[in-house]
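1. Please work out how this folds:
(one chain, ligands or ions: 1)
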Amino acid sequence: MTRTETGPGAADGLARLAREVRRDLARLNHPPAAWTLPATGPDGRPALDVLVVGAGMCGQTAAFALLREGVSNLRVVDRAARGAEGPWGTFARMETLRSPKHLTGPDLGVPSLTFRAWFEAQAGEAGWRDLGKIPRLDWLRYLLFVRDAAGIPVENGVAVTALAPAAGDGLVAAALDGPSGPETVFARKVVLACGREGSGGRRRPELGGGGRVLHAADPIDFAALRGGRVAVLGASASAVDNAATALEAGAAEVTLFVRRRHFPQVNTSKWASFPGFLRGYAGLDDDARWRFATHILAAGTPPPHESVLRCTRHPGFRIRFGEGWTGVSEGPDGLVVETARGRYPVEAAIVATGFDVDLVQRPELAAFRDAILTWGDRVAPHEAAAHPEAARFPYLGDGLELRERVPGAMPALSRIHVFNWGVTLSHGALAGDIPGLGIGATRLAQALVRDLFLADADRYAERMRAHEDDELAPTPYFVPRAER
Ligand SMILES: Cc1cc2nc3c(=O)[nH]c(=O)nc-3n(C[C@H](O)[C@H](O)[C@H](O)COP(=O)(O)OP(=O)(O)OC[C@H]3O[C@@H](n4cnc5c(N)ncnc54)[C@H](O)[C@@H]3O)c2cc1C
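-> Residues are numbered from 1 along each chain as shown. Presented below is the predicted three-dimensional model:
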C-alpha cells in the first residue's frame, strides 16, 4: 500500500487542521515583520534576498525556516510540476518510508504541521496507533499540505539553468527558465536544495548495452516486463524495491545481483541520527569528520526487511551475492548481463547504483566549477584516493556555504549555500534524510539571517540612529527630537 485510503471525513479533517495551523502560526507571530533592507540588481530592479533552488522536502523546509525569521523577499523554484518534486511520486518504488512514523522535520516544531497531526486529522488517533510505517504517497501529500498550510510560495515548472557572480558586488545572477520564458534574477543568497540528483548525478556504471540499461531513477514501464526476465544490480533499498515492483507487475524472473557477499547488515546512518551527532558533528575537526563520514558511506545501508519480503514472496525471485556485472551486451531478444560467473539473457537490466556526489559537475554551477573547495582538497592524497566519492563532497563553511579553493578568487561562492545531500561530509546528514532536516533548516536559516544582517550593518546603524520612538508621547514627559 503506497497511500492510505481515507474515508469521506478526511477532507473535513484536513480543512480543520489547516485552520488549526493558521491559528498556531498566528500564535507564534508568523510571519514576523520583514526586516531586510532592499538591494538593487545591475538591471536596476529589486534583488531577491534568497533564491531557493528546488522545492522538495529540503527546499520547502529551508524556505519555511527563512519565512519564520522574517526573510520574505525570496523565491522558491522547482523545475518539476507540483507533486512531482523529489522521488516520492516519481521514481521511488517502495511501499512505505524507511523512517519511523514519529519523525518530525518539515513542521519546524509546529505541532499541527507534523505528519502525526496530518494523519490523525484523517484517520483519528486509532488510525495513527494502527499505522506501521508511512505509506510513500502519504509523505508526498503531507509535504504538499505543509507547503500550503504554512504559505510557502513555490513556483513549479521553473528551472535554474545557470548561476554566476553578478557584475558589481554582493549578488549572484541566476538564469531561470519557466512558463514565461527565460529570465535573469539577482539574489543576495542562493540555496541549492536540488536533491540527491542535484548533488551530482545518477551513477551509471560503464557497462555497455547500447543505452538500453535502465537506471532505477528512470521512468520504467514495469507493465511491459510482464512474463519477462529482469536483472537488477545493487543492494540498496532502491535495488530491492525495483526488483519487487517488477515481480508485482508480473515479471517471470527477477535476479538481483549484489556485488557484496551479503547485504549490509547495519544502518549506521540510523545510528547517527541522534541530537548529539546531528548537532555536534560539524564541530568535529576535519580528521574526525572524515573518519565518521567515510565509515558511514562505506558501510552501506541494509534494504528494509519489508522490501526484501516483497521480493521473497515471489517464486521468480533470485539473488546472486558476490556477483557484479562486468558488462551488458545486446542479444537477439534483449540484453545479456555478463558476470565473472556467467551470462544471463534478460528482457530488461536495471542498475540501482544510486547517485554520485559531484557538485562541481552540476551545470548550474559551471561558472564556479574550478573555484569550489572540496574535501579532496583538505585531506591527504592517499585518503582522497581511497575514498574518491567522499573527496568530491564540497567542503562547506559554518553556514553551509560553498568555499573558495583559492581565498579571494571567487568571493561570490560564499553566497551559495548547499542544502542537499552534498552537506553530509561537512555537517552530517542535515539535508539528506528526515531526521536531520529540522536541525539543518534552522542552521541554514540562522546563517543566512546573520549574513544578511552583517552585510548591511552600516545601513542598520544609520537606521538605528534615525529611529524614532513615541513611547512617551501619551505622557507629559515626551520630548520631541528637536528639543532633546
Ligand atoms: C527512493 C528514495 C527513498 C527515500 N526514502 C527515505 C526515507 O524513507 N527516509 C528518509 O529520511 N529519507 C529518505 N530518502 C532520502 C531523502 O529524504 C530524499 O531524497 C528527499 O527527497 C530529499 O529531499 P530534497 O529536497 O533534498 O531532494 P528532492 O526531494 O529530490 O528535491 C529536489 C528538488 O530540486 C529540484 N531541482 C533540481 N535541480 C533544479 C534546478 N536546477 N532548478 C529547479 N529545480 C531543481 C528537483 O526537481 C526536485 O524537486 C529517500 C530517497 C530516495 C531517493
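2. what's the spacing between Asp356 and the ligand?
-> 13 Å (CB to the nearest ligand atom, to the nearest Å). In short, each C-beta sits where N, CA and C put it, glycine included.
3. One more: Val357?
-> Counting by CB to the nearest ligand atom, the gap from Val357 to the ligand is 12 Å.
4. again with Asn420
-> Relative to the ligand, and taking CB to the nearest ligand atom, Asn420 is found at 5 Å.
5. cool, Arg318 as well?
-> Counting by CB to the nearest ligand atom, the gap from Arg318 to the ligand is 23 Å.
6. go on, Gly201?
-> Here Gly201 is placed at a distance of 11 Å from the ligand (CB to the nearest ligand atom).
7. helix or strand right after whichever strand or helix holds that residue?
-> According to DSSP states H and E, Gly201 maps onto strand 200-202. Next helix or strand after strand 200-202 toward the C-terminus (DSSP H and E): strand 214-215.
8. Other residues contacting the strand holding Gly201?
-> The contact list for strand 200-202 (CB atoms under 8 Å, 6 or more residues apart in numbering) reads 215, 217, 353-359, 361-362, 392, 422.
9. Among those residues, find the one with the greatest number of neighbours, please.
-> Gly422 (29 neighbours; other CB atoms under 10 Å).
10. Not counting sequence-adjacent ones, nearest residue to that one?
-> Ser199 (4.2 Å; CB to CB, 6 or more residues apart in numbering).
11. can I assume the one you found is in contact with Trp421?
-> Yes. Here Ser199 reaches Trp421: they are 4.5 Å apart, a contact under CB atoms under 8 Å.
12. Which residues are in contact with each of these two?
-> Joint contacts of Ser199 and Trp421 (CB under 8 Å, 6+ apart) are 355, 357.
13. that's a strand at Phe257, yeah?
-> Yes. Counting by DSSP: H, G, I helix; E, B strand; the rest coil, Phe257 is part of a strand.
14. tell me which parts of the stretch 251-400 of the chain are close to the ligand?
-> Glu364 (CB under 6 Å from any ligand atom).
15. sorry, back to before: in helices, which of the contacts of strand 200-202 fall?
-> Arg392 (DSSP state H).
16. And the chain, split by domain according to the record?
-> For the chain, automatic domain parsing gives the domain ranges 10-199+357-458, 204-265+302-353.
17. mind checking the end-to-end distance for the first one?
-> What it means is domain 10-199+357-458. 53 Å (CA to CA, to the nearest Å).
18. Can you give me every residue that contacts Arg23?
-> Contacts of Arg23 (CB under 8 Å, 6+ apart): Ser112.
19. for it, phi and psi?
-> Taking degrees, to the nearest 10, you get phi -70, psi -50 for the backbone angles of Arg23.
20. Three-state assignment for Ser426, please.
-> Taking three-state DSSP, the label given to Ser426 is helix.
21. With adjacent residues omitted, what lies nearest to it?
-> Nearest residue to Ser426 in three dimensions, chain neighbours excluded: Leu396, at 3.9 Å (CB to CB, 6+ apart).
22. hang on, the earlier thing: which ones are touching the residue nearest to Gly422?
-> Ser199 neighbours (CB under 8 Å, 6+ apart): 355-359, 420-422.
23. still on that earlier bit, what's the neighbour count on the residue nearest to Ser426?
-> Neighbours of Leu396 using other CB under 10 Å come to 23.
24. Likewise for Ala288?
-> 11.
25. got it, and Gly127?
-> So Gly127, with other CB under 10 Å, has 16 neighbours.
26. Identify the residues contacting Glu389.
-> If you count contacts by CB under 8 Å, 6+ apart, then Glu389 has 297, 356-357 around it.
27. hmm, back to that, filter the contacts of strand 200-202 down to the ones in strands?
-> 215, 355-357 (DSSP state E).
28. Make JSON lines from those and add pLDDT to it.
-> Formatted as JSON lines, those follow (pLDDT from 0 to 100):
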{"residue": "His215", "pLDDT": "96"}
{"residue": "Phe355", "pLDDT": "92"}
{"residue": "Asp356", "pLDDT": "90"}
{"residue": "Val357", "pLDDT": "89"}
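29. These into TSV, with extra columns for distance to Asp285?
-> Putting the ones in strands among the contacts of strand 200-202 into TSV (distance: CB to CB, whole Å) gives the following:
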residue	distance to Asp285
His215	37
Phe355	28
Asp356	26
Val357	21
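30. could you pull out the strands for the stretch 251-400 of the chain?
-> 253-258, 317-321, 325-330, 335-339, 343-346, 348-351, 355-357 (DSSP state E, counting those that start in this stretch).
31. In the third one, which residues are buried?
-> Taking 16 or more other CB atoms under 10 Å as the neighbour-count basis, strand 325-330 is seen to contain the buried residues 325, 328.
32. now for it, which elements pack on it?
-> strand 335-339, strand 348-351 (3 or more CB pairs under 8 Å, 6 or more residues apart in numbering; DSSP states H and E).
33. roughly how far is the longest one from the heart of the chain?
-> Offset of strand 335-339 from its chain centre (CA atoms, centre = their mean, to the nearest Å): 34 Å.
34. From Ser269, how far out is Trp290?
-> 16 Å (CB to CB, to the nearest Å).
35. Ok, Arg82 next?
-> For Arg82 relative to Ser269 (CB to CB), the value is 30 Å.
36. for Arg484, same thing?
-> With CB to CB as the criterion, Arg484 and Ser269 are 61 Å apart.
37. Between those two, tell me which one has more neighbours.
-> Taking other CB under 10 Å, Arg484 and Ser269 do not tie; Ser269 has more neighbours (20 against 5).
38. related to what we said a few turns ago, what's the most distant pair in the ones in strands among the contacts of strand 200-202?
-> Using CB to CB, the two most remote members of the ones in strands among the contacts of strand 200-202 are His215 and Val357, lying 16.1 Å apart.
39. quick one: the helices in this protein?
-> 10-27, 57-68, 115-130, 136-149, 237-248, 268-271, 275-280, 286-299, 305-312, 381-386, 388-392, 424-427, 434-455, 457-466.
40. Please list the outside residues in contact with the last one.
-> Translated: helix 457-466. Residues contacting helix 457-466 (CB under 8 Å, 6+ apart): 37, 453.
41. Make 29 the starting number, not 1.
-> Right, with 29 as the first residue, what we last looked at is helix 485-494.
42. Now do the same for stretch 112-123: mean pLDDT, whole number.
-> Model confidence over stretch 112-123, given as mean pLDDT, is 96.
43. for the residue lying closest to Lys217 once chain neighbours are set aside, which residues make a bridge with it?
-> Among residues not flanking Lys217 along the chain, Val78 sits closest, at 4.6 Å (CB to CB, 6+ apart). Note on Val78: beta-bridge partners Leu102, Lys217, judged by DSSP bridges.
44. Touching, Val78 and Leu94? I think so.
-> Yes. Taking CB under 8 Å as the definition, Val78 is a contact partner of Leu94 at 6.0 Å.
45. Which residues are in contact with each of these two?
-> Jointly contacting Val78 and Leu94 under the rule CB under 8 Å, 6+ apart are 102, 476.
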